[in-house]
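Peer 1: Take this sequence and fold it.
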Amino acid sequence: MRIRKLIVCLSALAFMAIVLGAQPALAGDVDCSTTPATCFGSLVAGPYSTNLDTSAFTGNETTNVYENGSNVYTYVYTFTLSPGSSDVAEITASAYGYDTFNGGPSAPGSILNWGVLTGSAYTTSGVNDCGDDPSQCPSGSGSPGFTFGAGSYLTNVANLGPIGSGGTAEIYTFYGQSPLPPIMGTISAQDGGTAVYGPQYVPGTPEPASLALLGTALFGAGLLLRRRLYAGKS
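Peer 2: As a prediction, the model looks like this:
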């Protein structure tokens, strides 16, 4: 029984080290004064742009990924809605097949912090995630603010369009921090009924160092178990 408890404790410590080893530096809405957003660290991937066009709206999404030197990756998603478009209610980053957005030991890629990048360079005045005032959420949107699934990270947007043909493009930028480096996933935008998808960077597989840490902990537990077994036989 003591040996079993020892193995469980060591395994738990290894998982905690993976999840907590890289602590976030920023939380909530951020007013970043630099373009690109080097307030999050050094650019490691991007900019990568993809067009998201439907019969209802025309848009473009650009992603930049930053790393702060402590294995915290910040994924910055900027969506630009063109004149002549209907409103956009939801934008979703997805990594199908990866449990990269949920929390807990089973998901070492848990989103650490998230929010909106404010300031005229990143988000048009009046546009937000509608979490502060759910009454602003457009028709067809789900829960206000941000919603997380096993392989998806969704933000509901308020006041992003509609824009008349003679209007000015509107911008919405949000971010999510993760200990996982980027892989190619998908980004989608939806106006409440029509959705469109394109390729984009999302958090991917765990860092080799994190996997090595877990392996070292389990290896150590195995050595201790073997030593106790041999001691019991002598």
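Peer 1: What score does the residue lying closest to Thr35 once chain neighbours are set aside have for pLDDT?
Peer 2: Distances taken as Cβ to Cβ, 6 or more residues apart in numbering place Ala121 nearest to Thr35, at 5.0 Å, with adjacent residues excluded. Yep, even glycine has a C-beta here, placed from its N, CA and C like the rest. Looking at Ala121, its pLDDT reads 90.
Peer 1: did I read that right, Ala121 in a strand?
Peer 2: No. Counting by DSSP: H, G, I helix; E, B strand; the rest coil, Ala121 is not part of a strand but coil.
Peer 1: Distance-wise, check it relative to Ser82.
Peer 2: Here the criterion is Cβ to Cβ, to the nearest Å. By it, Ala121 lies 18 Å from Ser82.
Peer 1: Can you give me the buried ones in stretch 79-90?
Peer 2: Along stretch 79-90, these residues count as buried under the neighbour rule (16 or more other Cβ atoms under 10 Å): 79-82, 85-90.
Peer 1: Same question for stretch 42-51.
Peer 2: Neighbour count says stretch 42-51 has 45-46, 48, 50 buried, by 16+ other Cβ under 10 Å.
Peer 1: any chance of the residues you listed in TSV, with distance to Cys39 and pLDDT too?
Peer 2: Listed next are the buried residues of stretch 42-51 as TSV, based on distance: Cβ to Cβ, whole Å; pLDDT from 0 to 100:
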residue	distance to Cys39	pLDDT
Ala45	17	94
Gly46	15	90
Tyr48	20	96
Thr50	24	95
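Peer 1: Which single strand of this structure contains the most residues?
Peer 2: Longest strand in the chain, counting residues (DSSP state E): strand 42-53.
Peer 1: residue boundaries of the helices in this protein?
Peer 2: Counting by DSSP state H, one finds helices in the chain at the ranges 2-20, 208-233.
Peer 1: Lowest mean pLDDT across these, which one is that?
Peer 2: helix 2-20 (a mean of 43).
Peer 1: Output the buried residues of stretch 79-90 as a markdown table; include the columns distance to Ser70 and pLDDT.
Peer 2: Supplementary listing: the buried residues of stretch 79-90 in a markdown table, determined by distance: Cβ to Cβ, whole Å; pLDDT from 0 to 100:
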| residue | distance to Ser70 | pLDDT |
| --- | --- | --- |
| Phe79 | 28 | 96 |
| Thr80 | 31 | 96 |
| Leu81 | 34 | 96 |
| Ser82 | 38 | 96 |
| Ser85 | 39 | 94 |
| Ser86 | 41 | 91 |
| Asp87 | 38 | 90 |
| Val88 | 34 | 91 |
| Ala89 | 35 | 89 |
| Glu90 | 31 | 90 |
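Peer 1: how about these, which pair is most distant?
Peer 2: Ser82 and Glu90 (17.6 Å; Cβ to Cβ).
Peer 1: Check the burial of Tyr153 by counting its neighbours.
Peer 2: Neighbours of Tyr153 under the rule other Cβ atoms under 10 Å: 26.
Peer 1: hmm, I was thinking of Ser165
Peer 2: 8.
Peer 1: Test my guess that Leu112 contacts Tyr73.
Peer 2: No. Judged on Cβ atoms under 8 Å, Leu112 makes no contact with Tyr73 at a distance of 9.3 Å.
Peer 1: What sits closest to Val65 if chain neighbours are left out?
Peer 2: Of all residues not flanking Val65 in the chain, Ala45 sits nearest, at 3.9 Å (Cβ to Cβ, 6+ apart).
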